[in-house]
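> sequence first, predicted coordinates after that:
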Amino acid sequence: MKRFKTLPQVLWWGLVAAVVGTSAQAVEPAANPAPQAPSQVAVFKPLVDKVAPVTSFELTQLAHHFDLSHDAQILSVMEHAQVDPAERFYVSDRRSAESVLSSITTIEQMHLGEVGVALLNQDGIMMLYSSERFPLMSIMKFHVAYAVLSRMVERGERLRSTISVKLSDLDPDTYSPMYDELERRNFRVNTCEPGGHISPAINALLSAYGQACQEGTAESESYHRWGDLYLQHLNQGPHIIPAGASIPALGHHPNKIKICLGDLIYYAVRESDNNACDILINYYLGGIDKLEKFWHDKGVTGLKFKYTEAQMAQDPARCYENSASPYALAQSYAVYLNDTKLPIQLHRFLDDTMLFAPTGADRIQRGINRALSELAVSNEQEQELFKSLRIFDKTGTGGLNEAGKRIAVNDMAYINYEGKPYILVVLVKNISGTAKSSAQDGELALRKASRVAFTYGLNLFHNAEVVTPIDLVKSCSSRGN
């Protein structure tokens, strides 16, 4: 467990502030704001039940450019600070330094894990906590998907393009909803035929993309209709067959099966499917080393990829070799969002797949849920607060290491709230406890840290006196929020 000395940390933060041009003059922490009336909604509900419907076309209106050009100076000071990497801390508003730091260190102590946080807005770093490396786990499936989409553009291929996969390369014992669906169909799927995709909703969405492209516009009635249908499908579950979707055509090969790229990306990212991820790495990208090279060529040198999902399953210690700092992960998401060379249809496809991801319902999504709910004094006001919220996220979860600690509980998200963009990364590693309690503590720590970080970012945007009282964190423990 990390041990912090608050005063040296705040003084060190002041050094960073001086380097980036902020006054180093001491400022007294702001007084705690007057308590607000509690929200009338005490029971958590999934965010997809609160937010307004969104069309695929609307997703493009949420895109923002992230300017990271000033981040290097802050990172340089962090790198050379005379403190342990796990203890490095920065916030862009001096008034909140002690409060935010105390809140997150309390979360670590309560939930027996090591926390890393990065919060970015359009102007770059708002908050960093720890520059240590954390195991990525399934967050890397986002990185695989973006690398595949970029390679598709280079090759002139489409989401309908297929990969011929040996059945012997599919692991029946790993986590793989795609394998379960293929097995249910006795591996009789021909994705070259209309309606032949593993997920009927994907077939509907891709058909809409094709029609929109033929018409020369992505705003056709068909596109809106199928885009809404696809999002409805995602929110309901992986095997709901939308009205109007074709029954998959049957085809069979004794040793191989053809799977389209759209299906593989959907299952790898939305369903966190291990087989789909490894197929994309091994069959399409050409190996895990190619994935690392792709991201390093993009300028994100803080990412390290050494093993596939199958290789990590053979030796859990390998999970620590696929790693990144919280900032490197936030930077990687910004690189994707800033990519103007990736066609808008491919951006939309990946965005749709990550919108309110079901695996993230109890992580960043729930932390932000709590942060916004506490701002409301009535059900009506709470509903208004959620109207403009969109969260696109990818999670990752590790098993137990040799010491019996939970390797990692992670979440990475792009958040658009009231038209303002944020990238939030919260990582928790080496969580003590039993197999059950370490998983629970990891999620509790993650969503509490998300709540603290988002509250800080929200208050800073509104130019409020930024305070994240430590008793706010303590009050969460009894409610499990």
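Looks like it arrived, so ask away.

> right, and Leu159 touches Tyr266 too?
No: checked against C-beta atoms under 8 Å, the pair Leu159 and Tyr266 is beyond contact range at 9.2 Å. Heads up, the C-betas are built off the backbone N, CA and C, glycines and all.

> more crowded one of these two?
Set side by side, Leu159 and Tyr266 show unequal neighbour counts under other C-beta atoms under 10 Å, the larger going to Tyr266 at 29 against 23.

> which SS state does that one fall under?
State at Tyr266, reduced to three classes by DSSP: H, G, I helix; E, B strand; the rest coil: helix.

> so it touches Thr353, yeah?
Yes: under the contact definition of C-beta under 8 Å, Tyr266 touches Thr353, with a separation of 5.7 Å.

> overlap in contacts of these two?
Among the neighbours of Tyr266, none is also in contact with Thr353 (C-beta atoms under 8 Å, 6 or more residues apart in numbering).

> which strands and helices sit next to the helix or strand Lys290 falls within?
Using DSSP states H and E, Lys290 falls within helix 288-297. Applying 3 or more C-beta pairs under 8 Å, 6 or more residues apart in numbering; DSSP states H and E, one finds that helix 288-297 contacts helix 140-155.

> need the residues that contact the helix it packs on.
Counting by C-beta under 8 Å, 6+ apart, helix 140-155 makes contact with 136, 158-159, 161, 261, 264-265, 268-269, 272, 277, 280-281, 284-285, 290-291, 294-295, 303, 305, 322, 332-333, 336, 339, 341-343, 346, 349-350, 353-354, 394, 396, 412, all of which sit outside it.

> hmm, who's touching the helix holding Lys290?
In this structure, residues lying in contact with helix 288-297 by C-beta under 8 Å, 6+ apart are 140, 143-144, 147, 150-151, 281, 285, 301, 303-308, 311, 332.

> and those, which are buried?
By the neighbour-count criterion of 16 or more other C-beta atoms under 10 Å, the contacts of helix 288-297 include these buried positions: 140, 143-144, 147, 150-151, 281, 285, 303-305, 307-308, 332.

> make CSV from those residues and add pLDDT and distance to Ala445 to it.
As requested, these are exported to CSV (pLDDT from 0 to 100; distance: C-beta to C-beta, whole Å):
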residue, pLDDT, distance to Ala445
Met140, 98, 21
His143, 98, 24
Val144, 98, 26
Ala147, 98, 30
Ser150, 97, 34
Arg151, 97, 36
Ile281, 98, 30
Leu285, 97, 33
Leu303, 97, 23
Lys304, 98, 24
Phe305, 98, 25
Tyr307, 98, 25
Thr308, 97, 28
Ser332, 97, 22
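
> as CSV, those with distance to Glu183 would be great.
Shown next, in CSV, are these (distance: C-beta to C-beta, whole Å):
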residue, distance to Glu183
Met140, 25
His143, 28
Val144, 23
Ala147, 28
Ser150, 31
Arg151, 29
Ile281, 22
Leu285, 25
Leu303, 33
Lys304, 34
Phe305, 29
Tyr307, 26
Thr308, 21
Ser332, 34
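
> and the residues you listed, which is closest to Arg318?
Tyr307 (4.5 Å; C-beta to C-beta).

> that closest one - that's part of a strand, no?
No: Tyr307: not assigned to a strand; according to three-state DSSP it is coil.

> wait, it sits on Asn322?
Yes: counting by C-beta under 8 Å, Asn322 is a contact partner of Tyr307 at 6.0 Å.

> any idea which helix or strand comes after the helix or strand where Asn369 lies?
Here Asn369, judged by DSSP H and E, is contained in helix 364-373. Scanning forward in sequence from helix 364-373 by DSSP H and E, the next helix or strand is helix 379-386.

> elements contacting the longest helix along the chain?
Taking residue count as the measure and DSSP state H as the definition, the longest helix of the chain comes out as helix 435-461. Contacting helix 435-461 under the criterion 3+ C-beta pairs under 8 Å, 6+ apart are the following elements: helix 97-111, strand 114-121, strand 124-129, helix 364-373, strand 406-417, strand 420-431, helix 470-479.

> nearest to Asp171, out of these?
Nearest to Asp171, of all those, is strand 406-417, at 19.6 Å by C-beta to C-beta.

> all set, thanks.
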